[in-house]
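1. Pasting the sequence and the predicted coordinates here, then a few questions.
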Protein chains: 2
Amino acid sequence: MDKNILNEIKKIEKEVGTLSNAQKILLTTDGSVTTILDVIRGHVKIETLEQKFIEADEEMARLLDVDVGDEVNYRVVVIQTQEPLIYAVSLIPIKRLEKDFKEDLIRADVPIGRILRKHNIESRREIQSVYFEEKSPELKEIFKEDSIMLARTYSIIHKDEILIWLMETFPYTNFRD
Amino acid sequence: MDKNILNEIKKIEKEVGTLSNAQKILLTTDGSVTTILDVIRGHVKIETLEQKFIEADEEMARLLDVDVGDEVNYRVVVIQTQEPLIYAVSLIPIKRLEKDFKEDLIRADVPIGRILRKHNIESRREIQSVYFEEKSPELKEIFKEDSIMLARTYSIIHKDEILIWLMETFPYTNFRD
């Protein structure tokens, strides 16, 4: 694994506290997070908090390697069982989507990992950063508690282009055992 | 996740004992196992116990979707830190390998997950089975203990063809916390 990512994990453990194996894996895996949650927490669902089509601003254009103004699907979801597990934001450049995939995505409420599997999409995942931060008021409301949030950003790459950019975050108190 | 795989996990928990989150994840993930081990156990190495080029027999031909007699790389390794973590057998049909990839593979002692990353290979992983079994004398010798082995088989698919077939197995006493 990328040494920088391992160092970021060590930094979190020093400044926030020890991480469980599940937390470390969720922050660094290049596999499907949905699959992991299904097996450690039971079948997960997603609740879509926001989904819209927007024009890429400069930061999004940089993250996705598209032009400013290109159409992007912006989606905010909570992955959950009976309780919220992970809050995730995704950015998807529409021009890179095949038609069927696009339809599944817009129908919403299906985790991206399951959509990729359904369409037998071959891809690779590149972890960009792992970090921690204070909870925003929105996240306090969703998770109903006050601990530090652990987070990561990564890209899912398909045909040598960024298909999806993701930020996933969960409270330090989740996945402790 | 595939319901059959989840049922196999439940069956193991009923017949062998509860599994830790790390064990469940290692048995079902579609991500790199090397990456997971690097973060939960520290940088792992592999020791190659056996590596040879053979002609596919009927079972290998079926597992790899190649013809009987096609050339196959057969590799047996132990993924380890100071201690043995996972024993793995891989089958790779040579005709599907690009040249650089083949060279890295033959040089041995590099985990397949790292080779895939180095070459930016886009792929998907299909879990075929998850199960448990008694230790063979060889595995008793390697792991120096006597508990049940947890195991899985899966394929790494690239360009719609099976690039690698894998069996991974580890003692029930590994990855308990």
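-> Sure, I can see it.
2. any idea how far A:T169 lies from A:L85?
-> Distance of A:T169 to A:L85, given as C-beta to C-beta, to the nearest Å: 11 Å. All C-beta spots, glycine's among them, are computed from the backbone N, C-alpha and C.
3. Check the secondary structure at the residue in chain A that chain B sits nearest to for me.
-> Closest to chain B within chain A is A:G31: 2.0 Å, counting by C-beta to the nearest C-beta. Secondary structure, DSSP: H, G, I helix; E, B strand; the rest coil: A:G31 is coil.
4. Just the CA trace of the longest helix that chain A contains, in CSV.
-> Taking DSSP state H as the assignment, the helix of chain A that covers the most residues is helix A:3-15. The C-alpha coordinates for helix A:3-15 follow below in CSV (Å, rounded to 0.1, in the frame of the first residue of the first chain):
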residue,chain,number,x,y,z
LYS,A,3,3.3,4.7,2.2
ASN,A,4,1.5,8.1,2.5
ILE,A,5,-1.8,6.5,3.2
LEU,A,6,-0.2,4.2,5.9
ASN,A,7,1.3,7.3,7.4
GLU,A,8,-2.0,9.1,7.5
ILE,A,9,-3.5,6.1,9.3
LYS,A,10,-0.6,6.3,11.9
LYS,A,11,-1.2,10.0,12.3
ILE,A,12,-4.9,9.4,13.0
GLU,A,13,-4.0,6.7,15.6
LYS,A,14,-1.7,9.2,17.3
GLU,A,15,-4.0,12.1,17.3
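5. mean confidence for it?
-> For helix A:3-15, the mean per-residue pLDDT is 95.
6. Isn't the residue of chain A closest to chain B up against B:T28?
-> No: taking contacts as C-beta atoms under 8 Å, A:G31 lies outside contact range of B:T28: 9.2 Å.
7. quick one: which of these two has more around it?
-> Ranked by neighbour count (other C-beta atoms under 10 Å in any protein chain shown), A:G31 and B:T28 place B:T28 first, with 24 against 20.
8. would you list every one of the strands in chain A?
-> Ranges of strands within chain A are A:45-55, A:71-80, A:84-93, A:124-133, A:149-158, A:161-171, based on DSSP state E.
9. nearest to B:K95, of those strands?
-> Checking those against B:K95 by C-beta to C-beta gives strand A:124-133 as the closest, at 22.6 Å.
10. Residues touching the closest one, excluding its own?
-> A:2, A:5, A:8-9, A:12, A:15-16, A:27-28, A:30-31, A:148-157, A:169, A:172, B:31, B:116-117, B:120-123 (C-beta atoms under 8 Å, 6 or more residues apart in numbering or on different chains).
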